[in-house]
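Student: Here is a sequence with its predicted model. Questions after.
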There are 2 protein chains.
Amino acid sequence: MTPLFARLTIAGVGLVGGSLAAAVRAAGLVGEVVGFGRTEANLRLAEERGLADRVTRDPAAAVAGADAIVLATPVGTCAALAAAFRPHARAGALLTDVGSVKQTLVAELEAAWGGVGPVVGAHPIAGSEASGAGAARADLFRGRRCILTPTPATDRAALARVRALWEGVGARVEEMPPAVHDELLARVSHLPHLLAYALVAAVGEQTIAGRRALDYAGTGFRDTTRVAASPAELWCDIALANAPALGAALGEFRAALDRLERLVGARDAAGLAAALAAARALRGRLRGEE
Amino acid sequence: MTPLFARLTIAGVGLVGGSLAAAVRAAGLVGEVVGFGRTEANLRLAEERGLADRVTRDPAAAVAGADAIVLATPVGTCAALAAAFRPHARAGALLTDVGSVKQTLVAELEAAWGGVGPVVGAHPIAGSEASGAGAARADLFRGRRCILTPTPATDRAALARVRALWEGVGARVEEMPPAVHDELLARVSHLPHLLAYALVAAVGEQTIAGRRALDYAGTGFRDTTRVAASPAELWCDIALANAPALGAALGEFRAALDRLERLVGARDAAGLAAALAAARALRGRLRGEE
């Protein structure tokens, strides 16, 4: 079988980039996988774990001869990284990413990569609060959604190759405009992250009668705040890049919380029970997705 | 070994009550365990699973000859249940509970049980969103905290017996005033539950460009909202019974959320990254608790 790409460069061999590297190698989709990163320790770990064929901290060596480059670094760093790679990239090299925001990022990448080759925005909805090459695993994307966000500028052949890459590692690929992606993800991902960080910030240093509140947290608090263990840099970038949609989602959340608080304040047992039961029923629709 | 109680009645053989029944039998702490409940189907399931020695829907049969009665039903139902048991209880019978709120509940139980026997408030911090006898398991309390909330009226010998009961099923027992318990649990349990229900209520019916937002939820949304799969009746009761402390906790949460939102609005990358990193560090203190 002819590989999809003779040489694929993955910038950022952490949880997502490292997992993609391992997955494409395991699936035999790519001739050679080159891992690029900033920190020597993580690259060495990626090498030890055999995630990539070779690793480097040098942008020129990283992209020399690559057919395609995947940016798997925090979204705030992607445009600068594309600019750093550009002088060393070969003509026609495909640029794609795995960012959790798409509208601003894809526009930035299209601008940065103009004249070099095609740009395809992608976002695999997979991950955890863990980070680094140590958390990477080849089956991370199996059965998960991967959203591709073509724009009017997107080359259709390049789009098909990126689709084949993600389908090849087991993802369920879907296409939608970048703005639609960002509105959806603001609700189901960016908002929950902000709430989790806010909950920890509100409770984390509280003491009541000399007792530290966190010491009394059970599994409920632990799960509700799990995503607040995610890298702060990553989620800072995402929140800023998707600020308008996140702001709208926050407004919707505040309205829902205000409604519950009003019912508590009014001691409206029937109204509160009905509202909680309705929310519980909605959450029941998540079941069986995995 | 002389059992702690010759006959223990557990009202509500669901996740917590059923687990306690199974645990005390497994540990040989009690001569006989009687399970009381409202619904025939759950009682039959409890019987099939061997959680209790016998089960009944009749309040008189449930408490006849019992040394102690554990109320493991939603907190809003406990006082009425105590009143229903009272005419059939033997003199000196100990009344305790497992409620997630203590101040109002313990006062109600002390009033309802006055003249019958001692009352001891207890709250094992263990559980999940699951409910019913099918979810019960004998090891639910192992290594978990159980908070006892004595008042000036609490009989010290009864308190010691309830402590022995919970220590006997593996819990780490601690005592504090009911009001302190309620302030702590408002932060680490009642608030997270309300937020999870509000998040599902806000997102659950959203569609963006014809796409249902919930369909794009990943593990982050799933974990953040897991507790919103908890029974609505249970959490309605808890929120209403602990409304003042929950209101204070909500105020603290809103302040933390407002702060993060202001940083996003101001596009203050350094400030936002620092705030998220601080929250992440606080959450790190939860690690290794289990």
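Tutor: Received the coordinates, thanks. Being a predicted model, the structure only gives us computed values, none of them experimental.
Student: CA only for contacts and neighbour counts going forward, please
Tutor: Will do.
Student: which parts of the stretch 51-200 of chain A sit against chain B?
Tutor: A:125-128, A:145, A:180, A:183-185, A:187-189, A:192-200 (Cα under 8 Å from any Cα of the partner chain).
Student: There's contact between A:Ile147 and A:Ala126 in this structure, I believe.
Tutor: No. The pair A:Ile147 / A:Ala126 is not scored as a contact, 10.9 Å apart, by Cα atoms under 8 Å.
Student: quick one, which of those two is more surrounded?
Tutor: Taking neighbours as other Cα atoms under 10 Å in any protein chain shown, A:Ile147 and A:Ala126 compare with A:Ile147 leading, 26 against 19.
Student: any idea how far the more buried one is from A:Asp97?
Tutor: From A:Ile147 across to A:Asp97, the span is 11 Å (Cα to Cα, to the nearest Å).
Student: Tell me the span between the first and last residue of stretch A:118-127.
Tutor: Start and end residues of stretch A:118-127 are separated by 26 Å (Cα to Cα).
Student: Residues contacting it, please?
Tutor: Residues outside stretch A:118-127 that contact it (Cα atoms under 8 Å, 6 or more residues apart in numbering or on different chains): A:15-16, A:92-102, A:106, A:109-110, A:113, A:140-141, A:144-150, A:154-155, A:158-159, A:162, A:171, B:216, B:218-219.
Student: What are the buried residues along that stretch?
Tutor: Under the neighbour-count criterion of 16 or more other Cα atoms under 10 Å in any protein chain shown, stretch A:118-127 has A:Pro118, A:Val119, A:Val120, A:Gly121, A:Ala122, A:His123, A:Pro124, A:Ile125, A:Ala126, A:Gly127 buried.
Student: List only buried entries from the contacts of stretch A:118-127.
Tutor: A:15-16, A:93-102, A:106, A:109-110, A:113, A:140-141, A:144-150, A:158-159, A:162, A:171, B:216, B:218-219.
Student: Can you flag which of those residues belong to strands?
Tutor: Cross-referencing the buried ones among the contacts of stretch A:118-127 against strands under DSSP state E gives A:Leu94, A:Leu95, A:Thr96, A:Asp97, A:Arg145, A:Cys146, A:Ile147, A:Leu148.
Student: Could you work out the most separated pair of those residues?
Tutor: The span of these, defined through Cα to Cα, is set by A:Leu94 and A:Arg145 at 21.6 Å.
Student: Now do the domain split for chain A, please.
Tutor: Domain segmentation of chain A under automatic domain parsing yields A:5-176, A:180-284.
Student: and the last one, how far out from the chain's middle?
Tutor: This points to domain A:180-284. Put simply, domain A:180-284 sits 19 Å off its chain's centre (Cα atoms, centre = their mean, to the nearest Å).
Student: tell me the mean pLDDT for that domain?
Tutor: Averaging the model's pLDDT scores along domain A:180-284 yields 97.
Student: Start and end of that domain, how far apart?
Tutor: 24 Å.
Student: do stretch A:148-156 as well
Tutor: Using Cα to Cα, one end of stretch A:148-156 lies 12 Å from the other.
Student: Show me what that stretch is in contact with.
Tutor: By Cα under 8 Å, 6+ apart, stretch A:148-156 touches A:102, A:118-123, A:159, A:163, A:173-178, A:181.
Student: I'd like the mean pLDDT over it, please.
Tutor: Mean predicted confidence for stretch A:148-156 is 97.
Student: The helix or strand harbouring A:Pro244 vs helix B:243-265, what angle?
Tutor: A:Pro244 is part of helix A:243-265 when elements are defined by DSSP states H and E. Helix A:243-265 and helix B:243-265 are oriented at 170 degrees to each other (axes from the mean of the first three to the mean of the last three Cα atoms, to 10 degrees).
Student: Now do the buried residues in helix A:243-265.
Tutor: For helix A:243-265, by 16+ other Cα under 10 Å, it's A:243-247, A:249-250, A:252-254, A:256-257, A:259-261, A:263-264.
Student: counting contacts, what elements does it pack onto?
Tutor: With contacts defined as 3 or more Cα pairs under 8 Å, 6 or more residues apart in numbering or on different chains; DSSP states H and E, the packing partners of helix A:243-265 are helix A:178-185, helix A:191-203, helix A:269-284, helix B:191-203, helix B:243-265.
Student: Dump the C-alpha coordinates for that helix into CSV.
Tutor: The C-alpha coordinates for helix A:243-265 follow below in CSV (Å, rounded to 0.1, in the frame of the first residue of the first chain):
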residue,chain,number,x,y,z
ALA,A,243,-13.8,34.4,23.4
PRO,A,244,-17.0,35.5,21.7
ALA,A,245,-18.6,32.0,21.5
LEU,A,246,-17.4,31.2,25.0
GLY,A,247,-19.0,34.5,26.2
ALA,A,248,-22.3,33.5,24.7
ALA,A,249,-22.1,30.0,26.2
LEU,A,250,-21.3,31.6,29.6
GLY,A,251,-24.4,33.7,29.3
GLU,A,252,-26.5,30.7,28.6
PHE,A,253,-25.0,28.9,31.6
ARG,A,254,-25.5,31.9,33.9
ALA,A,255,-29.2,31.9,32.9
ALA,A,256,-29.6,28.2,33.7
LEU,A,257,-27.8,28.6,37.1
ASP,A,258,-29.8,31.8,37.9
ARG,A,259,-33.0,29.8,37.3
LEU,A,260,-31.9,27.0,39.6
GLU,A,261,-30.8,29.5,42.3
ARG,A,262,-34.2,31.3,42.1
LEU,A,263,-36.0,28.0,42.7
VAL,A,264,-33.8,27.2,45.7
GLY,A,265,-34.2,30.8,47.0
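Student: any residues touching that helix, and which ones?
Tutor: By Cα under 8 Å, 6+ apart, the list of residues contacting helix A:243-265 reads A:182-183, A:186-187, A:190-191, A:239, A:269, A:271-272, A:275, B:194-195, B:198-199, B:201-203, B:239-240, B:243, B:247, B:261, B:264-265.
Student: If any of those residues are buried, put those into a PyMOL selection.
Tutor: Buried residues within the contacts of helix A:243-265, by 16+ other Cα under 10 Å, are selected in PyMOL with:
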select buried, (chain A and resi 182+183+186+187+190+191+239+269+271+272+275) or (chain B and resi 194+195+198+199+201+202+203+239+240+243+247+261+264)
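Student: how close does the closest residue to A:Tyr216 other than its chain neighbours sit to B:Ala41?
Tutor: Nearest residue to A:Tyr216, sequence neighbours excluded (Cα to Cα, 6 or more residues apart in numbering or on different chains): B:Val188, at 6.7 Å. B:Val188 sits 33 Å away from B:Ala41, going by Cα to Cα.
Student: No further questions, thank you.
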